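# dropping a prediction and its sequence here:
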Amino acid sequence: MKLSMWMIANRLSALDPEIHIRDSAPIILRSARRAYATNCVHVFQVGKDAICNGEGDYVRLKDMSASQAFEIIQCVFDFYDDWNSDIMEAVSRMDYQQAIDESWHIFHNPVLLLDANCKALAMSAQYGEEEVDGEWKHLSEYGYLSAGSFRYLQEAGMRKESSCPEAVRMIHGGGGSVSVGWMSGRLSENGALLGRLNVLELERKLNTGDAQLLQYLISLLTPSLSWRNEKDRRFSSKSVFWEMICKNWVSREAIDRQMAYMNWGREDRFRIFLLQSGSQGREGESVSQSLMVNLIASYIPQASLMKAEDKIVVIVNERQLRENQVKILLADILKQKNLWAGVSLAVRGIRNLHAVYRQAEAALIYGMAERPEENYFHFYDWAVDFIVENSGPEDLICACQPDVRRLWEEEGEGGDQIQILKSYLTNERSLAKTAAALFVHRNTLVYRVKKLLETLEYSPEEDYTRDYMKLSIRILELYRKKEK
(Lines give C-alpha, C1' and ligand atoms only; values in the text may rest on other atoms or scores of the structure.)
Protein backbone atom coordinates (compact mmCIF):
# COMPACT_ATOMS: atom_id res chain seq x y z
CA MET A 1 0.00 0.00 0.00
CA LYS A 2 1.41 3.41 -0.95
CA LEU A 3 1.47 6.14 1.68
CA SER A 4 1.85 9.88 1.98
CA MET A 5 4.06 11.63 4.52
CA TRP A 6 0.91 12.75 6.34
CA MET A 7 -0.21 9.13 6.78
CA ILE A 8 3.22 8.28 8.17
CA ALA A 9 3.33 11.33 10.47
CA ASN A 10 -0.05 10.38 11.97
CA ARG A 11 1.41 7.03 13.11
CA LEU A 12 4.39 8.79 14.70
CA SER A 13 2.39 11.22 16.85
CA ALA A 14 3.44 9.51 20.13
CA LEU A 15 7.09 10.36 19.31
CA ASP A 16 6.26 14.09 19.06
CA PRO A 17 7.88 14.54 15.61
CA GLU A 18 8.77 17.89 14.09
CA ILE A 19 6.63 18.02 10.94
CA HIS A 20 7.54 19.73 7.67
CA ILE A 21 4.90 18.44 5.26
CA ARG A 22 2.90 20.26 2.57
CA ASP A 23 -0.88 19.93 2.60
CA SER A 24 -0.60 18.58 -0.94
CA ALA A 25 1.91 15.81 -0.08
CA PRO A 26 0.92 12.97 -2.49
CA ILE A 27 0.35 9.26 -1.86
CA ILE A 28 3.44 7.91 -3.65
CA LEU A 29 5.72 6.34 -0.99
CA ARG A 30 6.40 2.61 -1.27
CA SER A 31 8.81 1.80 1.59
CA ALA A 32 11.67 3.09 3.78
CA ARG A 33 15.31 3.24 2.59
CA ARG A 34 18.64 4.14 4.20
CA ALA A 35 19.83 5.45 0.82
CA TYR A 36 17.77 7.67 -1.47
CA ALA A 37 15.35 5.89 -3.85
CA THR A 38 12.51 7.36 -5.91
CA ASN A 39 9.14 7.36 -4.13
CA CYS A 40 10.59 6.01 -0.91
CA VAL A 41 11.19 7.51 2.54
CA HIS A 42 14.91 8.29 2.87
CA VAL A 43 16.01 7.94 6.51
CA PHE A 44 19.32 9.55 7.51
CA GLN A 45 21.12 11.12 10.47
CA VAL A 46 21.52 14.87 11.10
CA GLY A 47 23.33 15.46 14.37
CA LYS A 48 21.40 13.70 17.15
CA ASP A 49 18.18 13.56 15.12
CA ALA A 50 16.83 11.25 12.41
CA ILE A 51 15.32 12.80 9.27
CA CYS A 52 12.64 10.86 7.40
CA ASN A 53 12.34 12.50 3.97
CA GLY A 54 9.65 11.54 1.47
CA GLU A 55 10.27 13.38 -1.80
CA GLY A 56 10.85 16.77 -0.12
CA ASP A 57 8.38 16.43 2.75
CA TYR A 58 9.95 15.28 6.00
CA VAL A 59 9.63 14.68 9.72
CA ARG A 60 12.44 15.08 12.27
CA LEU A 61 12.60 12.53 15.09
CA LYS A 62 14.64 14.10 17.86
CA ASP A 63 17.35 12.25 19.78
CA MET A 64 16.98 9.13 17.68
CA SER A 65 19.41 7.20 15.52
CA ALA A 66 18.74 6.71 11.84
CA SER A 67 18.73 2.91 12.30
CA GLN A 68 15.99 3.15 14.95
CA ALA A 69 13.99 5.57 12.81
CA PHE A 70 14.33 3.30 9.79
CA GLU A 71 12.87 0.34 11.72
CA ILE A 72 9.99 2.50 12.96
CA ILE A 73 9.14 3.84 9.48
CA GLN A 74 9.27 0.36 7.99
CA CYS A 75 6.91 -0.83 10.75
CA VAL A 76 4.52 1.94 9.72
CA PHE A 77 4.47 0.57 6.16
CA ASP A 78 3.91 -2.95 7.52
CA PHE A 79 1.06 -1.72 9.74
CA TYR A 80 -0.75 -0.10 6.83
CA ASP A 81 -0.23 -3.19 4.65
CA ASP A 82 -1.80 -5.41 7.32
CA TRP A 83 -4.65 -2.95 7.84
CA ASN A 84 -5.28 -2.80 4.09
CA SER A 85 -5.50 -6.59 3.88
CA ASP A 86 -7.99 -6.72 6.77
CA ILE A 87 -10.12 -3.96 5.26
CA MET A 88 -10.22 -5.53 1.80
CA GLU A 89 -11.24 -8.88 3.28
CA ALA A 90 -14.04 -7.27 5.33
CA VAL A 91 -15.31 -5.31 2.32
CA SER A 92 -15.26 -8.42 0.11
CA ARG A 93 -17.52 -10.11 2.68
CA MET A 94 -19.66 -6.95 2.82
CA ASP A 95 -18.98 -6.87 6.56
CA TYR A 96 -19.19 -3.10 6.90
CA GLN A 97 -19.16 -3.19 10.70
CA GLN A 98 -15.81 -5.01 10.67
CA ALA A 99 -14.42 -2.53 8.12
CA ILE A 100 -15.48 0.43 10.27
CA ASP A 101 -14.09 -1.12 13.45
CA GLU A 102 -10.74 -1.79 11.75
CA SER A 103 -10.67 1.82 10.57
CA TRP A 104 -10.57 3.07 14.15
CA HIS A 105 -6.95 1.90 14.33
CA ILE A 106 -5.89 4.47 11.74
CA PHE A 107 -8.18 7.38 12.65
CA HIS A 108 -8.39 6.96 16.45
CA ASN A 109 -11.71 8.73 16.17
CA PRO A 110 -15.33 7.55 15.76
CA VAL A 111 -16.12 6.35 12.23
CA LEU A 112 -19.67 6.25 10.82
CA LEU A 113 -21.03 4.80 7.56
CA LEU A 114 -24.45 6.11 6.45
CA ASP A 115 -26.52 4.97 3.48
CA ALA A 116 -28.23 7.33 1.01
CA ASN A 117 -31.18 7.73 3.39
CA CYS A 118 -29.01 8.56 6.43
CA LYS A 119 -29.41 5.12 8.00
CA ALA A 120 -26.37 3.99 10.00
CA LEU A 121 -24.89 0.94 8.28
CA ALA A 122 -21.97 0.76 10.73
CA MET A 123 -20.62 2.76 13.70
CA SER A 124 -17.30 2.34 15.56
CA ALA A 125 -17.97 -0.23 18.29
CA GLN A 126 -15.13 1.33 20.33
CA TYR A 127 -17.54 4.07 21.51
CA GLY A 128 -20.68 3.76 23.63
CA GLU A 129 -23.76 5.84 22.88
CA GLU A 130 -22.87 8.41 25.58
CA GLU A 131 -19.20 8.79 24.63
CA VAL A 132 -19.28 11.12 21.61
CA ASP A 133 -22.14 13.67 21.41
CA GLY A 134 -25.92 13.95 21.23
CA GLU A 135 -26.08 12.91 17.57
CA TRP A 136 -23.99 9.77 18.20
CA LYS A 137 -26.46 8.87 20.96
CA HIS A 138 -29.41 9.45 18.62
CA LEU A 139 -27.82 7.26 15.93
CA SER A 140 -27.11 4.53 18.50
CA GLU A 141 -30.72 4.54 19.72
CA TYR A 142 -32.65 5.00 16.48
CA GLY A 143 -30.26 4.00 13.70
CA TYR A 144 -30.87 7.18 11.68
CA LEU A 145 -29.55 10.72 11.63
CA SER A 146 -31.85 13.21 13.38
CA ALA A 147 -33.71 15.75 11.22
CA GLY A 148 -32.08 18.78 12.87
CA SER A 149 -28.56 17.43 12.42
CA PHE A 150 -29.30 16.37 8.84
CA ARG A 151 -30.30 19.92 7.91
CA TYR A 152 -27.27 21.39 9.66
CA LEU A 153 -24.82 18.96 8.03
CA GLN A 154 -26.49 19.37 4.63
CA GLU A 155 -26.00 23.12 4.74
CA ALA A 156 -22.54 23.12 6.33
CA GLY A 157 -21.31 20.33 4.05
CA MET A 158 -21.62 22.53 0.98
CA ARG A 159 -18.63 24.55 2.15
CA LYS A 160 -15.51 22.87 0.82
CA GLU A 161 -12.42 22.61 3.01
CA SER A 162 -9.50 23.61 0.78
CA SER A 163 -7.02 21.36 2.62
CA CYS A 164 -9.03 18.21 1.81
CA PRO A 165 -9.38 16.22 -1.41
CA GLU A 166 -12.30 17.33 -3.56
CA ALA A 167 -14.78 14.63 -2.46
CA VAL A 168 -14.16 15.16 1.29
CA ARG A 169 -15.71 17.95 3.37
CA MET A 170 -14.75 19.17 6.83
CA ILE A 171 -17.82 20.24 8.79
CA HIS A 172 -17.48 22.02 12.12
CA GLY A 173 -19.70 21.00 15.03
CA GLY A 174 -22.30 23.29 16.52
CA GLY A 175 -25.64 22.55 14.81
CA GLY A 176 -28.48 20.20 15.69
CA SER A 177 -27.08 17.73 18.19
CA VAL A 178 -23.69 17.68 16.41
CA SER A 179 -21.07 19.09 18.80
CA VAL A 180 -17.89 17.64 17.24
CA GLY A 181 -16.43 18.18 13.77
CA TRP A 182 -17.16 15.78 10.92
CA MET A 183 -14.91 14.83 8.03
CA SER A 184 -17.41 13.55 5.49
CA GLY A 185 -16.93 11.83 2.14
CA ARG A 186 -19.57 10.99 -0.46
CA LEU A 187 -19.95 7.46 -1.84
CA SER A 188 -21.45 7.73 -5.31
CA GLU A 189 -21.64 5.84 -8.57
CA ASN A 190 -21.97 7.94 -11.73
CA GLY A 191 -23.33 10.78 -9.63
CA ALA A 192 -25.94 8.66 -7.78
CA LEU A 193 -25.52 8.88 -4.00
CA LEU A 194 -24.93 5.56 -2.24
CA GLY A 195 -24.02 6.88 1.19
CA ARG A 196 -21.50 8.85 3.24
CA LEU A 197 -18.43 7.82 5.19
CA ASN A 198 -17.67 10.08 8.14
CA VAL A 199 -14.91 10.47 10.73
CA LEU A 200 -15.82 12.47 13.83
CA GLU A 201 -13.14 14.73 15.30
CA LEU A 202 -13.30 13.61 18.95
CA GLU A 203 -9.91 12.41 20.25
CA ARG A 204 -7.43 13.93 17.80
CA LYS A 205 -7.49 16.72 15.23
CA LEU A 206 -8.02 15.47 11.69
CA ASN A 207 -5.62 16.43 8.91
CA THR A 208 -4.77 15.79 5.26
CA GLY A 209 -3.59 12.24 5.99
CA ASP A 210 -7.00 11.39 7.42
CA ALA A 211 -8.71 12.89 4.36
CA GLN A 212 -6.50 10.79 2.07
CA LEU A 213 -7.28 7.60 3.99
CA LEU A 214 -10.98 8.45 4.07
CA GLN A 215 -10.94 8.85 0.31
CA TYR A 216 -9.14 5.50 -0.05
CA LEU A 217 -11.77 3.78 2.12
CA ILE A 218 -14.51 5.34 0.00
CA SER A 219 -12.91 3.85 -3.13
CA LEU A 220 -13.08 0.38 -1.53
CA LEU A 221 -16.60 0.67 -0.12
CA THR A 222 -18.31 2.24 -3.15
CA PRO A 223 -18.26 -0.78 -5.54
CA SER A 224 -19.27 -3.09 -2.68
CA LEU A 225 -22.28 -0.95 -1.72
CA SER A 226 -23.25 -0.58 -5.37
CA TRP A 227 -23.12 -4.33 -6.00
CA ARG A 228 -25.12 -5.15 -2.86
CA ASN A 229 -27.60 -2.44 -3.73
CA GLU A 230 -28.37 -4.14 -7.04
CA LYS A 231 -28.25 -7.79 -5.95
CA ASP A 232 -29.97 -7.75 -2.56
CA ARG A 233 -33.44 -6.16 -2.47
CA ARG A 234 -33.45 -6.40 1.34
CA PHE A 235 -30.51 -4.01 1.37
CA SER A 236 -31.16 -0.74 -0.39
CA SER A 237 -29.00 2.36 -0.33
CA LYS A 238 -31.14 4.03 -2.98
CA SER A 239 -32.97 7.25 -2.18
CA VAL A 240 -36.43 6.75 -0.65
CA PHE A 241 -37.78 9.28 -3.14
CA TRP A 242 -36.27 7.38 -6.07
CA GLU A 243 -37.83 4.15 -4.79
CA MET A 244 -41.21 5.95 -4.73
CA ILE A 245 -40.67 7.19 -8.29
CA CYS A 246 -40.00 3.57 -9.31
CA LYS A 247 -43.19 2.52 -7.45
CA ASN A 248 -41.20 0.21 -5.15
CA TRP A 249 -42.55 -0.40 -1.67
CA VAL A 250 -41.24 2.02 0.96
CA SER A 251 -42.32 2.03 4.60
CA ARG A 252 -44.34 4.95 5.94
CA GLU A 253 -41.67 5.43 8.62
CA ALA A 254 -38.91 5.80 6.01
CA ILE A 255 -40.98 8.30 4.00
CA ASP A 256 -41.82 10.37 7.08
CA ARG A 257 -38.17 10.44 8.13
CA GLN A 258 -37.00 11.74 4.74
CA MET A 259 -39.81 14.29 4.73
CA ALA A 260 -38.65 15.52 8.15
CA TYR A 261 -35.08 15.84 6.83
CA MET A 262 -36.34 18.08 4.02
CA ASN A 263 -38.88 19.93 6.21
CA TRP A 264 -41.64 18.75 3.85
CA GLY A 265 -45.28 17.79 4.54
CA ARG A 266 -47.00 14.80 2.93
CA GLU A 267 -49.75 17.00 1.46
CA ASP A 268 -47.47 19.75 0.13
CA ARG A 269 -47.39 20.31 -3.62
CA PHE A 270 -44.37 18.79 -5.39
CA ARG A 271 -42.87 19.40 -8.81
CA ILE A 272 -40.09 17.55 -10.64
CA PHE A 273 -37.49 19.11 -12.92
CA LEU A 274 -35.84 16.42 -15.05
CA LEU A 275 -32.54 17.46 -16.62
CA GLN A 276 -30.80 15.69 -19.48
CA SER A 277 -27.63 16.46 -21.36
CA GLY A 278 -28.14 18.00 -24.78
CA SER A 279 -25.24 15.97 -26.20
CA GLN A 280 -25.32 12.42 -24.91
CA GLY A 281 -22.61 9.82 -25.17
CA ARG A 282 -19.61 12.11 -24.84
CA GLU A 283 -16.53 10.84 -23.03
CA GLY A 284 -16.51 11.91 -19.38
CA GLU A 285 -20.26 12.54 -19.30
CA SER A 286 -20.77 10.68 -16.00
CA VAL A 287 -18.17 12.89 -14.34
CA SER A 288 -19.83 16.04 -15.63
CA GLN A 289 -23.19 14.82 -14.34
CA SER A 290 -21.71 14.24 -10.89
CA LEU A 291 -20.38 17.78 -10.87
CA MET A 292 -23.73 19.02 -12.17
CA VAL A 293 -25.57 17.45 -9.23
CA ASN A 294 -23.27 19.31 -6.83
CA LEU A 295 -23.64 22.57 -8.78
CA ILE A 296 -27.45 22.41 -8.82
CA ALA A 297 -27.48 21.52 -5.11
CA SER A 298 -25.54 24.70 -4.38
CA TYR A 299 -28.12 26.74 -6.36
CA ILE A 300 -31.21 24.96 -4.95
CA PRO A 301 -30.35 23.59 -1.48
CA GLN A 302 -34.07 23.10 -0.66
CA ALA A 303 -34.44 20.46 -3.41
CA SER A 304 -33.85 16.72 -3.28
CA LEU A 305 -31.47 15.71 -6.08
CA MET A 306 -30.54 12.34 -7.49
CA LYS A 307 -29.13 10.89 -10.68
CA ALA A 308 -31.21 8.39 -12.63
CA GLU A 309 -29.53 6.77 -15.62
CA ASP A 310 -28.57 9.68 -17.90
CA LYS A 311 -30.80 12.24 -16.18
CA ILE A 312 -30.74 14.41 -13.05
CA VAL A 313 -33.94 14.44 -10.97
CA VAL A 314 -34.72 17.61 -9.00
CA ILE A 315 -37.71 17.35 -6.61
CA VAL A 316 -38.96 20.72 -5.38
CA ASN A 317 -41.60 21.57 -2.78
CA GLU A 318 -43.80 24.43 -4.04
CA ARG A 319 -44.14 25.74 -0.49
CA GLN A 320 -40.39 26.43 -0.50
CA LEU A 321 -39.79 27.37 -4.14
CA ARG A 322 -42.15 28.22 -6.98
CA GLU A 323 -41.55 27.08 -10.53
CA ASN A 324 -40.55 30.53 -11.80
CA GLN A 325 -37.96 30.84 -9.03
CA VAL A 326 -36.39 27.50 -9.96
CA LYS A 327 -36.49 28.39 -13.66
CA ILE A 328 -34.50 31.56 -12.96
CA LEU A 329 -31.97 29.64 -10.83
CA LEU A 330 -31.52 27.00 -13.56
CA ALA A 331 -31.45 29.36 -16.55
CA ASP A 332 -27.67 29.92 -16.67
CA ILE A 333 -26.90 26.26 -15.92
CA LEU A 334 -29.16 25.03 -18.74
CA LYS A 335 -27.61 27.44 -21.21
CA GLN A 336 -23.95 27.04 -20.27
CA LYS A 337 -23.96 23.29 -19.61
CA ASN A 338 -25.99 22.27 -22.67
CA LEU A 339 -28.90 20.77 -20.74
CA TRP A 340 -32.58 20.22 -21.47
CA ALA A 341 -35.19 20.47 -18.70
CA GLY A 342 -38.57 18.75 -18.56
CA VAL A 343 -40.89 20.26 -15.93
CA SER A 344 -43.96 18.64 -14.38
CA LEU A 345 -47.10 20.19 -12.96
CA ALA A 346 -47.15 20.84 -9.21
CA VAL A 347 -49.17 17.94 -7.78
CA ARG A 348 -50.43 17.60 -4.22
CA GLY A 349 -49.04 14.71 -2.17
CA ILE A 350 -45.65 12.97 -2.00
CA ARG A 351 -47.42 9.70 -2.90
CA ASN A 352 -47.77 10.99 -6.49
CA LEU A 353 -44.01 11.22 -7.20
CA HIS A 354 -44.19 8.48 -9.84
CA ALA A 355 -46.87 10.35 -11.82
CA VAL A 356 -45.00 13.66 -11.46
CA TYR A 357 -41.80 12.03 -12.76
CA ARG A 358 -43.73 10.65 -15.75
CA GLN A 359 -44.91 14.19 -16.54
CA ALA A 360 -41.39 15.63 -16.47
CA GLU A 361 -40.19 12.72 -18.61
CA ALA A 362 -43.02 13.27 -21.10
CA ALA A 363 -42.23 16.99 -21.26
CA LEU A 364 -38.64 16.14 -22.24
CA ILE A 365 -39.75 13.65 -24.90
CA TYR A 366 -42.37 15.95 -26.46
CA GLY A 367 -40.21 19.06 -26.15
CA MET A 368 -37.02 17.63 -27.64
CA ALA A 369 -39.00 16.21 -30.57
CA GLU A 370 -41.09 19.31 -31.32
CA ARG A 371 -38.95 22.25 -30.11
CA PRO A 372 -35.31 21.11 -30.24
CA GLU A 373 -34.12 24.71 -30.45
CA GLU A 374 -35.40 25.32 -26.89
CA ASN A 375 -34.09 23.88 -23.59
CA TYR A 376 -36.98 24.31 -21.12
CA PHE A 377 -40.14 22.27 -21.68
CA HIS A 378 -43.24 22.46 -19.46
CA PHE A 379 -45.59 19.49 -19.29
CA TYR A 380 -48.59 21.85 -19.40
CA ASP A 381 -47.97 22.46 -23.12
CA TRP A 382 -48.40 18.76 -23.95
CA ALA A 383 -50.76 17.65 -21.17
CA VAL A 384 -53.69 17.00 -23.53
CA ASP A 385 -51.47 14.87 -25.80
CA PHE A 386 -50.28 12.94 -22.73
CA ILE A 387 -53.85 12.36 -21.50
CA VAL A 388 -54.94 11.07 -24.92
CA GLU A 389 -51.97 8.68 -25.09
CA ASN A 390 -52.18 7.35 -21.51
CA SER A 391 -54.87 5.37 -19.75
CA GLY A 392 -53.56 4.77 -16.22
CA PRO A 393 -55.83 6.49 -13.64
CA GLU A 394 -52.94 7.80 -11.53
CA ASP A 395 -51.25 9.40 -14.54
CA LEU A 396 -54.51 10.87 -15.85
CA ILE A 397 -55.62 12.41 -12.55
CA CYS A 398 -52.21 13.94 -11.82
CA ALA A 399 -52.11 15.28 -15.39
CA CYS A 400 -55.39 17.17 -15.02
CA GLN A 401 -55.31 20.94 -15.51
CA PRO A 402 -53.85 22.49 -12.32
CA ASP A 403 -56.68 24.97 -11.64
CA VAL A 404 -59.34 22.31 -12.17
CA ARG A 405 -57.58 19.82 -9.95
CA ARG A 406 -57.09 22.40 -7.20
CA LEU A 407 -60.80 23.32 -7.22
CA TRP A 408 -61.73 19.64 -7.24
CA GLU A 409 -59.44 18.90 -4.27
CA GLU A 410 -60.75 21.90 -2.33
CA GLU A 411 -64.48 21.50 -3.05
CA GLY A 412 -65.17 18.08 -4.51
CA GLU A 413 -67.46 17.25 -7.42
CA GLY A 414 -70.41 19.32 -6.16
CA GLY A 415 -68.45 22.46 -5.30
CA ASP A 416 -69.85 25.80 -6.47
CA GLN A 417 -66.72 26.97 -8.24
CA ILE A 418 -66.09 23.74 -10.17
CA GLN A 419 -69.75 23.76 -11.32
CA ILE A 420 -69.56 27.43 -12.37
CA LEU A 421 -66.32 26.77 -14.29
CA LYS A 422 -67.79 23.68 -15.98
CA SER A 423 -70.94 25.50 -17.08
CA TYR A 424 -69.01 28.62 -18.11
CA LEU A 425 -66.77 26.56 -20.39
CA THR A 426 -69.59 24.37 -21.71
CA ASN A 427 -71.57 27.47 -22.69
CA GLU A 428 -68.60 28.97 -24.53
CA ARG A 429 -68.12 31.63 -21.78
CA SER A 430 -71.54 33.16 -22.44
CA LEU A 431 -72.68 34.73 -19.16
CA ALA A 432 -76.36 34.73 -20.21
CA LYS A 433 -76.39 31.02 -21.13
CA THR A 434 -74.36 30.10 -18.06
CA ALA A 435 -76.74 32.02 -15.76
CA ALA A 436 -79.71 30.23 -17.31
CA ALA A 437 -78.04 26.83 -16.99
CA LEU A 438 -77.25 27.42 -13.30
CA PHE A 439 -80.59 29.11 -12.52
CA VAL A 440 -78.96 32.23 -11.05
CA HIS A 441 -79.37 35.92 -11.80
CA ARG A 442 -76.95 37.25 -14.41
CA ASN A 443 -75.55 39.92 -12.05
CA THR A 444 -74.91 37.29 -9.37
CA LEU A 445 -73.12 35.11 -11.91
CA VAL A 446 -70.97 38.02 -13.15
CA TYR A 447 -69.69 38.55 -9.60
CA ARG A 448 -69.05 34.83 -9.05
CA VAL A 449 -67.27 34.36 -12.38
CA LYS A 450 -65.11 37.41 -11.69
CA LYS A 451 -64.09 36.00 -8.29
CA LEU A 452 -63.44 32.59 -9.84
CA LEU A 453 -61.25 33.92 -12.64
CA GLU A 454 -59.17 35.85 -10.10
CA THR A 455 -58.21 32.57 -8.42
CA LEU A 456 -57.11 30.83 -11.63
CA GLU A 457 -53.43 30.55 -12.49
CA TYR A 458 -54.18 29.94 -16.19
CA SER A 459 -56.56 32.04 -18.30
CA PRO A 460 -59.50 30.32 -20.07
CA GLU A 461 -59.13 32.96 -22.77
CA GLU A 462 -56.66 30.55 -24.42
CA ASP A 463 -58.17 27.83 -26.62
CA TYR A 464 -55.73 25.19 -25.39
CA THR A 465 -56.42 25.94 -21.73
CA ARG A 466 -60.21 25.75 -22.26
CA ASP A 467 -59.89 22.34 -23.96
CA TYR A 468 -57.53 21.15 -21.24
CA MET A 469 -59.92 22.32 -18.49
CA LYS A 470 -62.99 20.66 -20.03
CA LEU A 471 -61.11 17.40 -20.60
CA SER A 472 -59.83 17.46 -17.01
CA ILE A 473 -63.29 18.01 -15.53
CA ARG A 474 -64.58 15.07 -17.57
CA ILE A 475 -61.74 12.82 -16.40
CA LEU A 476 -62.34 13.70 -12.74
CA GLU A 477 -66.11 13.13 -13.09
CA LEU A 478 -65.53 9.71 -14.67
CA TYR A 479 -63.02 8.82 -11.96
CA ARG A 480 -65.47 9.82 -9.19
CA LYS A 481 -68.25 7.80 -10.87
CA LYS A 482 -65.94 4.76 -11.10
CA GLU A 483 -64.96 5.21 -7.45
CA LYS A 484 -68.62 5.19 -6.38
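Received, thanks. Residues are numbered from 1 along each chain as shown.
# tell me the buried residues in the helix or strand where residue 74 lies?
For residue 74, the element it lies in under DSSP states H and E is helix 66-92. Using 16 or more other CB atoms under 10 Å as the test for burial, helix 66-92 gives 66, 69-70, 72-73, 76-77, 80, 83, 86-87, 90-91. In this view, the C-beta of every residue, glycine as well, is placed from N, C-alpha and C.
# next one: it to chain centre, how far?
Centroid separation for helix 66-92 versus its chain: 36 Å, with CA atoms, centre = their mean, to the nearest Å.
# what mean pLDDT does it have?
In this model, helix 66-92 carries a mean pLDDT of 96.
# and what of stretch 38-53?
In the prediction, stretch 38-53 has an average pLDDT of 97.
# got a list of contacts for it?
2, 5, 8, 28-36, 54-55, 58-66, 68-70, 73 (CB atoms under 8 Å, 6 or more residues apart in numbering).
# in which helix or strand would I find residue 200?
strand 192-201.
# show me what that strand is packed against.
strand 111-115, strand 181-189, helix 208-231, strand 304-308 (3 or more CB pairs under 8 Å, 6 or more residues apart in numbering; DSSP states H and E).
# what pairs with that strand, parallel or antiparallel?
Strand pairing for strand 192-201, using DSSP bridges, gives strand 111-115 (antiparallel), strand 181-189 (antiparallel).
# low-confidence ranges in the protein?
157-167, 190-191, 232-237, 278-290, 413-414, 483-484 (pLDDT under 70).
# domains in it, by residue range?
The chain breaks down by automatic domain parsing into domains covering 5-83, 93-231, 263-384, 402-483.
# now do the strand holding residue 200: distance to the chain's middle.
With CA atoms, centre = their mean as the basis, strand 192-201 stands 12 Å off its chain's centre.
# so it versus helix 208-231, what angle?
140 degrees (axes from the mean of the first three to the mean of the last three CA atoms, to 10 degrees).
# re the thing from before, mind putting the buried residues of helix 66-92 into JSON lines with distance to residue 427?
Formatted as JSON lines, the buried residues of helix 66-92 follow (distance: CB to CB, whole Å):
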{"residue": "66", "distance to residue 427": "100"}
{"residue": "69", "distance to residue 427": "96"}
{"residue": "70", "distance to residue 427": "97"}
{"residue": "72", "distance to residue 427": "93"}
{"residue": "73", "distance to residue 427": "91"}
{"residue": "76", "distance to residue 427": "87"}
{"residue": "77", "distance to residue 427": "87"}
{"residue": "80", "distance to residue 427": "82"}
{"residue": "83", "distance to residue 427": "80"}
{"residue": "86", "distance to residue 427": "79"}
{"residue": "87", "distance to residue 427": "75"}
{"residue": "90", "distance to residue 427": "74"}
{"residue": "91", "distance to residue 427": "70"}
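# on that earlier part again, would you mind finding the most buried of the helices and strands packed on strand 192-201?
Mean neighbour count (mean count of other CB atoms under 10 Å) peaks for strand 111-115 among the helices and strands packed on strand 192-201, with a mean of 23.
# and the contacts of it?
With CB under 8 Å, 6+ apart, strand 111-115 has contacts from 96, 99-100, 103-104, 120-124, 139, 145, 194-200, 221, 225, 236-237.
# all helices for the stretch 1-150 of the chain, in order.
5-11, 66-92, 96-107, 134-142, 147-156 (DSSP state H, counting those that start in this stretch).
# and of the ones you listed, who's closest to residue 116?
helix 147-156 (12.4 Å; CB to CB).
# which secondary structure elements does the helix or strand following that closest one contact?
For helix 147-156, the succeeding helix or strand toward the C-terminus, using DSSP H and E, is strand 168-171. Applying 3+ CB pairs under 8 Å, 6+ apart, one finds that strand 168-171 contacts strand 181-189, helix 208-231.
# any chance of these in TSV, with distance to residue 375 too?
Converted to TSV, the helices and strands packed on strand 168-171 look like this (distance: least, CB to CB, whole Å):
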stretch	distance to residue 375
strand 181-189	26
helix 208-231	31
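# looking at the helices of the stretch 1-150 of the chain, which is closest to residue 376?
Nearest of the helices of the stretch 1-150 of the chain (CB to CB): helix 147-156, 27.0 Å.
# elements contacting that closest one?
helix 252-262.
# report the buried residues of the helix it packs on.
For helix 252-262, by 16+ other CB under 10 Å, it's 254-255, 257-262.
# hey, what's the residue most central in space within the chain bridged with?
The centroid of the chain falls nearest to residue 305 when counting by CA atoms, centre = their mean (4.6 Å). On the basis of DSSP bridges, residue 305 is bridged to residue 314.
# disregarding residues adjacent in the polypeptide, which is nearest to residue 69?
Spatial nearest neighbour of residue 69, excluding adjacent residues (CB to CB, 6 or more residues apart in numbering): residue 50 at 3.4 Å.
# what is the neighbour count of that neighbour?
24 (other CB atoms under 10 Å).
# go on, residue 120?
For residue 120, using other CB under 10 Å, the count is 18.
# how close does it sit to residue 139?
5 Å (CB to CB, to the nearest Å).
# any shared contact partners between those two?
112, 145.
# and the gap between the residue nearest to residue 69 and residue 66?
From residue 50 to residue 66 the distance is 5 Å (CB to CB).
# again with residue 204
Counting by CB to CB, the gap from residue 204 to residue 66 is 28 Å.
# which ones are touching the closest residue to residue 348 other than its chain neighbours?
Leaving out its chain neighbours, the residue that sits closest to residue 348 by CB to CB, 6+ apart is residue 269, at 5.2 Å. Residues near residue 269 by CB under 8 Å, 6+ apart: 317-319, 346-348.
# farthest-separated two in these?
Going by CB to CB, the pair spanning the contacts of residue 269 furthest: 319 and 347, at 13.3 Å.
# tell me which of those two has more neighbours.
Neighbours per residue, other CB under 10 Å: of residue 319 and residue 347, the larger number sits with residue 347, 23 against 14.
# any idea what the more buried one is bridged to?
Applying DSSP bridges, one finds that residue 347 bridges with residue 270.
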